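Student: Take this sequence and fold it.
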Amino acid sequence: MQRQVILHLSLDEKEFKLKAYQITKWGEMLEENEVPIPKPTGTEVLIKIRASGICHSDIHIWDGYFDLGSGKRITLEERGLKLPFTMGHEPVGEVVALGPEATGVGIGDRRIVYPWIGCGICKVCKNGDELLCNDPITVGTRRDGGYAEYLLAPHAKYLVSYDGVDEAFAATAACSGITAYSALKKLKHLKSDQTVLIIGAGGVGLAAVGMAKAVLKSRIIVADVDPLKREAALKAGADEVIDNGKPGIIEELLKETDGGPYGVVDFVGAPATCSFGFQVLAKGGTLVVVGLYGGSMDLSLSMLPLKVVNIVGSYVGTQQDLVELLDLVKQGHVTPVPIIKRQLSEAPIAIQDLRSGKDIGRYVLINY
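Tutor: Numbering: from 1, shown residues only. Have a look, this model is predicted:
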């Protein structure tokens, strides 16, 4: 029986193309291009994309750089990313073709593609820490991703079932979801009488608010300068919201929390937000920096030992985090982030809307 079949059409026929919305020039509007549908070989699995989230980090990829502050940048060209390129690291879809060595899934299975894939051959990967690989092949950042009709996954082991979970929400789980979940887990040591401050109620921050009570025992305060996002945070389960741009808010928060929150998670990662988080952090507390807005901030080194604080970077999450998060969702312990659905063909406009910050929630491209 021929396994390399796509909806009963032979992948050997050259006329079969897929539409992909690609970066062709850094920072310019994505272009719709037609490229050949890839034929899976070896352990590869061909996925027909049904939904793909648009992540804020896609904006940095689209621009072609990450801002390190003080005029310094990491460019993606320097890291070997060549154009044209198809973004999208939050894809979900249906298995439509298998390479001859692919096992563990069948035609018609619907799966999330876990994107944070390591090289598989280095010591880090062999120790089971693919997320820490120095030469990853991440879907949507290193290899073509989900802003397309089809996607080639390198192995079925990176495909995770989302049975029982809303499909559009599942399309946010492999980045936004596990980024929030992994960051919150770094504060699981905190007690019920201690406070956690979440800075930023954008897509990922709001996802964190919606799952915070399922992960932490602490009181949750959310800081955002946008009143609409503060309102959304209350609806998502925050105990309290504050305007971190309000004059005198640092003194107010320190007094209210009896010395500051013991955990701060910065989902913005800008100089102003990170500085605010460090200033209000309680003695002995932990600041978790997640956001990739970029830049740098002044930091008094003597305050690190004097305040006995931890500053931790948190980047996405593991495949096990994804499995755990989906279980929490199925059990009804997570308040889903609002989903803004756009058709795949609207990808060039949707990512511009995300940059403008005009909507509350997560954008998801739909392809059905």
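
Student: which ones are touching residue 324?
Tutor: By C-beta atoms under 8 Å, 6 or more residues apart in numbering, residue 324 lies in contact with residue 181. No exception for glycine: its C-beta is placed from N, CA and C like everyone else's.

Student: redo that, cut-off 6 Å
Tutor: Residue 324 makes contact with no residue, according to C-beta atoms under 6 Å, 6 or more residues apart in numbering.

Student: just residue 361 next, same as before
Tutor: So residue 361 contacts 337-340 (C-beta under 6 Å, 6+ apart).

Student: Kindly recompute the last result at 10 Å.
Tutor: The neighbourhood of residue 361, defined by C-beta atoms under 10 Å, 6 or more residues apart in numbering, consists of 172, 202-203, 206-207, 232, 336-340.

Student: Closest to residue 18 out of these?
Tutor: residue 172 (22.8 Å; C-beta to C-beta).

Student: my read is the closest one is in a helix, agree?
Tutor: Yes. Looking at residue 172 with DSSP: H, G, I helix; E, B strand; the rest coil, it is inside a helix.

Student: thought it was touching residue 364?
Tutor: Yes. Between residue 172 and residue 364 there is a contact at 6.6 Å, judged by C-beta atoms under 10 Å.

Student: Residues in contact with both of the two, list them for me.
Tutor: By C-beta under 10 Å, 6+ apart, residue 172 and residue 364 have these common neighbours: 51-54, 90, 92, 339.

Student: Just give the closest residue to residue 217, not the sequence neighbours.
Tutor: residue 192 (4.2 Å; C-beta to C-beta, 6 or more residues apart in numbering).

Student: Which pLDDT value does the model give the one you found?
Tutor: For residue 192, the pLDDT comes out at 95.

Student: Could you pull up phi and psi at it?
Tutor: Per-residue torsions, residue 192: phi -70, psi -20 (degrees, to the nearest 10).

Student: these two touch, right, it and residue 219?
Tutor: Yes. Between residue 192 and residue 219 a contact is recorded at 8.0 Å, counting by C-beta under 10 Å.

Student: neighbours of the closest residue to residue 103 other than its chain neighbours, just the number please.
Tutor: In space, and not counting its chain neighbours, residue 103 is closest to residue 156: 6.4 Å by C-beta to C-beta, 6+ apart. Burial of residue 156 is recorded as 20 neighbouring residues (other C-beta atoms under 10 Å).

Student: Repeat that for residue 69.
Tutor: That count, for residue 69 with other C-beta under 10 Å as the rule, works out to 11.

Student: so who does the nearest residue to it once chain neighbours are set aside touch?
Tutor: Spatial nearest neighbour of residue 69, chain neighbours left out: residue 296 (2.8 Å); criterion: C-beta to C-beta, 6+ apart. Applying C-beta under 10 Å, 6+ apart to residue 296 gives the contacts 67-72, 271, 274.

Student: Same question for residue 64.
Tutor: 23, 25-27, 73-78, 81, 83, 85.

Student: hang on, the earlier thing: what about residue 192 and residue 219, which has more around it?
Tutor: Per other C-beta under 10 Å, whichever of residue 192 and residue 219 has more neighbours is residue 219, with 18 against 8.

Student: Residue 210 reaches residue 233, doesn't it?
Tutor: Yes. Residue 210 lies in contact with residue 233 (C-beta under 10 Å); the separation is 9.3 Å.

Student: Compare the two (neighbour count), which wins?
Tutor: With neighbours defined as other C-beta under 10 Å, residue 210 and residue 233 compare such that residue 233 has more, 28 against 24.
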